[in-house]
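Peer 1: Using only what follows, build the 3D model:
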Amino acid sequence: MKAIRLHQPGGPDQLRYEEIPTPRPGPGEVLVQLKAAALNHRDVWIRMGMQMADRLPLIPGSDGAGLVAEVGPGTSQLKVGDAVVINPSLNWGDREDRPSPSFKILGGPDPGTYAEFIVVPAEIVFPKPSPLSFEEAAAVPLASLTAWRAVITRAQVRPGERVVVLGIGGGVATFALQIARVAGATVLVTSSSQAKLARARELGADIVINYTSEDWEKIVLERTGGGADVVIDSVGKETWGKALRALRPGGRLISFGATTGRTTEVDIRHVFWNQISILGTTMGSPREFSAMLALYEVGRMKPVVDSVFPLRDTAAAHRRMDEAQQFGKIVLVP
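Peer 2: As a prediction, this is how the structure comes out:
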């Protein structure tokens, strides 16, 4: 089969399109013929050597959808030809409040979805929502699951609340906007791109703020009458201080990333005097994955696909992500 393999860290050109043996499923596993895969920032961090540098070579990719091609012994819930989507959370465990110590994410160190075929445990394979194409279904798993847990499980967003989503345009932020709208919230979004803000309005954003020309903290406080109920943040260092100050007393800051830096300084007094809750989150459980997919099955949500690249052009797809110009998910097709 054809697959993309990373042999050493570096730029997009380190992603090699190669011929390797097609894997075979063992007990409790299935072989999925991938019809589409999707990029995540995690793939970029792995490519650059920020994660999994000691596990190379490997096949990146956490998101995928396709057809069941072969079923291993002891697997009865799936059959050859089933259209499926893969949950990239491996070994989540039995608890809902946190993953097990053996939790890991598909696509490093385990072989990922940048390939024509993949073998995965049958328990992480779910029916593809029927309204979605394979390209759309592949765009869903990691980013939408992360957004679902952030908005629904951790923030527990309720109808009428005001939710701020920082850095609209990326996969998780775009899904967070849609999920918050489904939950009945008023949604405010920020970006440095007028084009992305316009797209966000089309998806249902109530208030859009260009943080390069406007003081987004001030605008949030003004437009919400004293502060947002929830801020969804993946930016980290550059936004944490403003995010905390943009919340109403009793508000919740949901953190799932640190793209501008992992350390920052905050005035702790603002947190305790204002009864602010700081909630960390990442990925999600199988139960959450199933609940999230149900929204796509009934047509209440639809993933945003930015662009589609042939698998052999994965390096070009990564260059587009490096440029941060995408709105929604970048997808690969064999």
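
Peer 1: Apart from its neighbours in sequence, what residue is nearest the most centrally placed residue in the chain?
Peer 2: Central residue of the chain (Cα atoms, centre = their mean): residue 143, 1.4 Å from the mean position. Once flanking residues are discounted, residue 143 sits nearest to residue 171: 3.4 Å by Cβ to Cβ, 6 or more residues apart in numbering. For glycine as for every other residue, the C-beta is placed from the backbone atoms N, C-alpha and C.

Peer 1: do the same with residue 45
Peer 2: residue 51 (5.0 Å).

Peer 1: where does that neighbour fall, helix, sheet strand or coil?
Peer 2: Reduced to three states with DSSP: H, G, I helix; E, B strand; the rest coil, the structure at residue 51 is coil.

Peer 1: go on, residue 200?
Peer 2: helix.

Peer 1: dump the residue contacts of it.
Peer 2: 168-169, 174, 177, 189, 191, 208 (Cβ atoms under 8 Å, 6 or more residues apart in numbering).

Peer 1: what's the burial count for residue 238?
Peer 2: The number of residues packed near residue 238 is 17, by other Cβ atoms under 10 Å.

Peer 1: cool, the one 4 residues further on as well?
Peer 2: Other residues near residue 242 number 21, with proximity taken as other Cβ under 10 Å.

Peer 1: Okay, strands next: where are they in the stretch 51-200 of the chain?
Peer 2: 63-71, 83-86, 89-90, 104-105, 117-121, 125-127, 162-165, 186-191 (DSSP state E, counting those that start in this stretch).

Peer 1: how about JSON lines for the ones you listed, with mean neighbour count, mean pLDDT and distance to residue 229 added?
Peer 2: As requested, the strands of the stretch 51-200 of the chain are exported to JSON lines (neighbours: other Cβ atoms under 10 Å; pLDDT from 0 to 100; distance: least, Cβ to Cβ, whole Å):
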{"stretch": "strand 63-71", "mean neighbour count": "23", "mean pLDDT": "98", "distance to residue 229": "30"}
{"stretch": "strand 83-86", "mean neighbour count": "24", "mean pLDDT": "98", "distance to residue 229": "31"}
{"stretch": "strand 89-90", "mean neighbour count": "22", "mean pLDDT": "96", "distance to residue 229": "27"}
{"stretch": "strand 104-105", "mean neighbour count": "18", "mean pLDDT": "96", "distance to residue 229": "30"}
{"stretch": "strand 117-121", "mean neighbour count": "23", "mean pLDDT": "98", "distance to residue 229": "38"}
{"stretch": "strand 125-127", "mean neighbour count": "19", "mean pLDDT": "98", "distance to residue 229": "31"}
{"stretch": "strand 162-165", "mean neighbour count": "30", "mean pLDDT": "98", "distance to residue 229": "5"}
{"stretch": "strand 186-191", "mean neighbour count": "27", "mean pLDDT": "97", "distance to residue 229": "9"}
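
Peer 1: Which residues are in contact with the residue nearest to the centre of the chain?
Peer 2: With Cβ under 8 Å, 6+ apart, residue 143 has these contacts: 38, 40, 63, 170-172, 174-175, 329.

Peer 1: can we see that at 7 Å?
Peer 2: Residue 143 sits next to 40, 171-172, 175, 329 when contact means Cβ atoms under 7 Å, 6 or more residues apart in numbering.

Peer 1: again, but for residue 199
Peer 2: residue 327.

Peer 1: Apply 8 Å and report the result again.
Peer 2: 169, 304, 327.

Peer 1: ok, these vs residue 90, which is closest?
Peer 2: residue 304 (26.0 Å; Cβ to Cβ).

Peer 1: you'd agree that closest one is up against residue 196?
Peer 2: No. Between residue 304 and residue 196 there is no contact, the gap being 10.9 Å when judged by Cβ atoms under 8 Å.

Peer 1: Now do the shared contacts for those two.
Peer 2: residue 327.

Peer 1: Compare those two (neighbour count), which wins?
Peer 2: For residue 304 versus residue 196, the count of surrounding residues by other Cβ under 10 Å is larger for residue 196: 25 against 19.

Peer 1: What is the burial count for the residue lying closest to that one once chain neighbours are set aside?
Peer 2: Spatial nearest neighbour of residue 196, chain neighbours left out: residue 169 (4.2 Å); criterion: Cβ to Cβ, 6+ apart. Number of residues near residue 169 (other Cβ under 10 Å) recorded here: 23.

Peer 1: how close does residue 169 get to residue 3?
Peer 2: 29 Å (Cβ to Cβ, to the nearest Å).
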